[in-house]
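Colleague: Any chance you could fold what I've pasted below:
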Amino acid sequence: MSHPLLATKDLTVRFGGHVAVDAISCVFPAGELTAIVGPNGAGKTTYFNLISGQITPTAGSVQVAGEEISRLPVARRAERGIGRAFQLTNLFPNLTVFENVRLVIQSKAKKGFDLFSMADDHVQIREDADQVLQNVNLLAQRDTIVSALPHGDQRKLEVAMLIALDPLIYMFDEPTAGMSADEAPVVLELIEQLKNDQTKCVLLVEHKMDVIRTLADRIIVLHNGALVADGDPSTVMSSSIVQEAYMGKALGHVE
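Modeller: Residues are numbered from 1 along each chain as shown. Predicted coordinates:
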């Protein structure tokens, strides 16, 4: 029996008497980009944190390809195939662009980068890192210190590091936050390329409905920590309950 790439079952977390995520059961198959939307405080980022391991659930489970991972730490979940990009960039600011990507490739390959490791491995790691930078149009900035990069290029680098990790599940938390109108399309194009890989799935927390319309195969809506809608974009966005309570009748922005 085949399993979905990612699944949560009755996933719940309580902080004191507050239920932040309330028994969410959801399946995420390969080859699909799911947008997760809802009002501020709906539980979107908390749900992400439960999946990627920043928070331990009070109840319920997270499974990757049928394997229970709910009690694994973040690093072990990454080994199982979960890759996460944050709303605020999560980079090594004092290293170069190239070194950031190289470290991810080394970590995935479980290889050191010292005088005693094989020279051929060094060459392959460098070539792989340069190829990733080429794919995200950052090769010209390979030797730039990350802290000197514009914000848009830092977001591109974060996507590059996720690509270098080569996870089964890509998780993006407001990937265009703080980006200008000129910068955002580059990152969105990269995400669109990732969703075309039918062996992976993409989860996207996003407020901008134009982004969701462009990228999403499916939308799930959270409210007060609960799953209240799940379906294709046209069905979910045309729901009167969702329009009035969660997206606003104009469907221009999710608050």
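
Colleague: Let's verify residue 11: helix, strand, or coil?
Modeller: strand (DSSP: H, G, I helix; E, B strand; the rest coil).

Colleague: And for it, nearest residue in space, chain neighbours not counted?
Modeller: Residue nearest to residue 11 in three dimensions, not counting chain neighbours: residue 60, with 3.8 Å by C-beta to C-beta, 6 or more residues apart in numbering. Just so you know, the C-beta spots here come from the backbone N, C-alpha and C atoms, and that holds for glycine as well.

Colleague: any idea whether that neighbour is helix, strand or coil?
Modeller: strand.

Colleague: That one and residue 19 touch, don't they?
Modeller: No - using C-beta atoms under 8 Å, residue 60 is not in contact with residue 19; the gap is 11.8 Å.

Colleague: Which neighbours do the two have in common?
Modeller: residue 12 (C-beta atoms under 8 Å, 6 or more residues apart in numbering).

Colleague: Now do stretch 135-154: distance to the chain's middle.
Modeller: The chain centre lies 20 Å from the centre of stretch 135-154; the measure is C-alpha atoms, centre = their mean, to the nearest Å.

Colleague: pLDDT (mean, whole number) over that stretch?
Modeller: The pLDDT scores in stretch 135-154 average 91.

Colleague: and what of stretch 4-18?
Modeller: Rounded mean pLDDT across stretch 4-18 is 94.

Colleague: what comes up buried for it?
Modeller: Residues of stretch 4-18 classed as buried: 4-9, 11-13 (neighbour count, 16 or more other C-beta atoms under 10 Å).

Colleague: could you redo those residues as JSON lines and give each row distance to residue 25?
Modeller: Formatted as JSON lines, those follow (distance: C-beta to C-beta, whole Å):
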{"residue": "4", "distance to residue 25": "12"}
{"residue": "5", "distance to residue 25": "15"}
{"residue": "6", "distance to residue 25": "12"}
{"residue": "7", "distance to residue 25": "8"}
{"residue": "8", "distance to residue 25": "6"}
{"residue": "9", "distance to residue 25": "5"}
{"residue": "11", "distance to residue 25": "7"}
{"residue": "12", "distance to residue 25": "10"}
{"residue": "13", "distance to residue 25": "14"}
